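> A predicted structure for the sequence below; I have some questions about it.
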Amino acid sequence: MLKVNIDSFKYQATPNKVILEDISFSINKGEHLVLLGESGCGKSTLLHLIYGLESLKNSEISWSGKTLLGPSFSLIPGEPFMKLVSQQFDLMPFISVAENIASHLNRRDKESDNKRVDELLNVVDLSDFKATKAKHLSGGQKQRVAIAKALAKAPEVLLLDEPFSNIDNFLKNKLRRNLFAYLKEKNITCITATHDSEEALSFADTVLVLKDGKKECFGNPTEIYNSLSNKYVAGFFGDVSEIEGTFFKNTTSKTEVLLPHQLKISEEKTAIEVEIINTEFKGSYYLIISKFNKKVIYFQHFKSLKTGIKVYLKKV
Ligand SMILES: Nc1ncnc2c1ncn2[C@@H]1O[C@H](COP(=O)(O)OP(=O)(O)OP(=O)(O)O)[C@@H](O)[C@H]1O
């Protein structure tokens, strides 16, 4: 089990700025935790602390019951059973993809090394680039080699910092399925930092949403999605509308946070009469942008609607 208990963390360079505060959680071996949060909320910092690149005070991080001591206690920062794939890919440019990956292997048995390289290239879908020099790869391809390289020595824990940020949507889906299935098969514990909610919904066992260095919510993806507590959390999953509960005849006036698929046009008159501002074609549906009580309201519809017309809305 990986246990993280961070009281607070500040960088030496900015001693008056708290970067992370009151972050505690644990994940079981083989589980996948997704850290979801907007840019600058502290995701990379948290990964660096877990990996052991920064020193902590009044805090503890442990793996399988053993406390990780941090950089002050080791000559080479970083734990040997853990690998971090950061946003800098750290490849050797003048050698091939295969040699880059093999540089992390024991290099005693050429044949088994070669097999392992092939297996890993298959995981990141780069078999055709085995002999290509790293400097001739695109950003997304380098990112995939960095992941394969991190997996070479079979780490127990893999930390991924925005692992698919340079990869197009079409390939991303295939890669994510391959990689996360491989990690499950090998029982490798993984933490992925991202602002892509799909990674959280489809591939996480647990999601930790961070906001301004603090824990906003923690739980399994279904729980989080089905009880979107506020605009910040809901914003990762789509355009957010906020409507006071009284408009739905709720007993309280507590504002409801709704995603576009949770609102639809009502044939009968309701308390929510919106004016259409714009329509965006989204492929399988139209996203309708409308105005209600000076607020922007988003809902899904099966066809586009004319700007300026008024319709009534209700909850799905
Ligand atoms: N070495 C450093 N020294 C001082 N401040 C830093 C350092 N590295 C990061 N920060 C600050 O810490 C905060 C959190 O940064 P961090 O990179 O952890 O965020 P993030 O959520 O990973 O962002 P992104 O999604 O953009 O990568 C930011 O305000 C950043 O400016």
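Nice, I can see it. This is a predicted model, so every value here is computed, not measured.
> How is this structure divided into domains?
The chain resolves into domains spanning 2-231, 238-315 when parsed by automatic domain parsing.
> Let me have those domains in TSV, adding mean pLDDT as columns.
As requested, the domains of the chain are exported to TSV (pLDDT from 0 to 100):
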stretch	mean pLDDT
domain 2-231	92
domain 238-315	93
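> Of those domains, which stretch is the most buried?
Highest mean neighbour count of those: domain 2-231, a mean of 17 (counted as mean count of other Cβ atoms under 10 Å). Where you see a C-beta, it was placed from the backbone N, CA and C, and this is true even at glycine.
> what separates that one from the chain centre, distance-wise?
The chain centroid and the centroid of domain 2-231 are separated by 10 Å, computed with Cα atoms, centre = their mean, to the nearest Å.
> Endpoint to endpoint, that domain covers what distance?
30 Å (Cα to Cα, to the nearest Å).
> can you check stretch 221-234 too?
Span of stretch 221-234 from end to end, Cα to Cα: 12 Å.
> just to revisit the earlier point, format the domains of the chain as JSON lines; extra columns: distance to the ligand.
Below are these laid out as JSON lines (distance: least, Cβ to the nearest ligand atom, whole Å):
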{"stretch": "domain 2-231", "distance to the ligand": "3"}
{"stretch": "domain 238-315", "distance to the ligand": "19"}
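> which ones are touching the residue lying closest to Met82 once chain neighbours are set aside?
Closest residue to Met82 apart from its sequence neighbours, by Cβ to Cβ, 6 or more residues apart in numbering: Val157 at 4.3 Å. Neighbouring residues of Val157 by Cβ atoms under 8 Å, 6 or more residues apart in numbering: 2, 50, 63, 79, 81-83, 188-191.
> so after whatever helix or strand Thr279 lives in, what's the next helix or strand?
Following DSSP states H and E, the helix or strand that holds Thr279 is strand 273-281. Next along the chain after strand 273-281, taking DSSP H and E as the criterion, comes strand 286-292.
> Direction included, what does that next one pair against?
Paired strands of strand 286-292, with direction, are strand 273-281 (antiparallel), strand 295-301 (antiparallel) (DSSP bridges).
> which one of the ones you listed lies closest to Leu171?
Among the strands paired with strand 286-292, strand 273-281 comes nearest to Leu171, with 23.7 Å by Cβ to Cβ.
> Going along the chain, name the helices of this structure.
43-51, 97-102, 110-123, 139-151, 169-185, 197-203, 221-226, 231-234 (DSSP state H).
> can these go into TSV with extra columns for distance to Phe299?
Below are those laid out as TSV (distance: least, Cβ to Cβ, whole Å):
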stretch	distance to Phe299
helix 43-51	31
helix 97-102	47
helix 110-123	40
helix 139-151	35
helix 169-185	24
helix 197-203	19
helix 221-226	18
helix 231-234	14
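> The ones you listed: which one's closest to Lys130?
Here helix 97-102 is closest among those (Cβ to Cβ), at 4.7 Å.
> Just the terminal-to-terminal distance for stretch 177-197.
Stretch 177-197: ends 15 Å apart by Cα to Cα.
> The residue nearest the centre of the chain pairs with what?
Residue closest to the average C-alpha location in the chain (Cα atoms, centre = their mean): Thr194, at 2.7 Å. Note on Thr194: beta-bridge partners by DSSP bridges are Leu36.
> That one against His32, yeah?
No. When contacts are counted by Cβ atoms under 8 Å, Thr194 is not listed as touching His32 (11.5 Å).
> Next, show the common contact partners of these two.
In contact with both Thr194 and His32: no residue, using Cβ under 8 Å, 6+ apart.
> can you pull the contacts of the closest residue to Ala204 other than its chain neighbours?
For Ala204, ignoring the flanking residues on the chain, the nearest one in space by Cβ to Cβ, 6+ apart is Val34 at 3.8 Å. Residues near Val34 by Cβ under 8 Å, 6+ apart: 191-192, 194, 199-200, 203-204, 206-208, 221.
> separation between Val34 and Glu54?
21 Å (Cβ to Cβ, to the nearest Å).
> now what about the strand holding Thr279, what contacts it?
Contact partners of strand 273-281, identified using Cβ under 8 Å, 6+ apart, comprise 286-292, 296-297, 301, 304-313.
> Same check on stretch 95-111?
91-92, 113-114, 116-117, 120-121, 126, 129-134, 137, 145, 148-150, 152-153.
> Do I have it right that Ser74 meets Tyr51?
No. The criterion here is Cβ under 8 Å, and Ser74 misses it with Tyr51 at 11.2 Å.
> The helices of the chain: which one's closest to Ile23?
That would be helix 43-51 among the helices of the chain, by Cβ to Cβ, at 6.7 Å.
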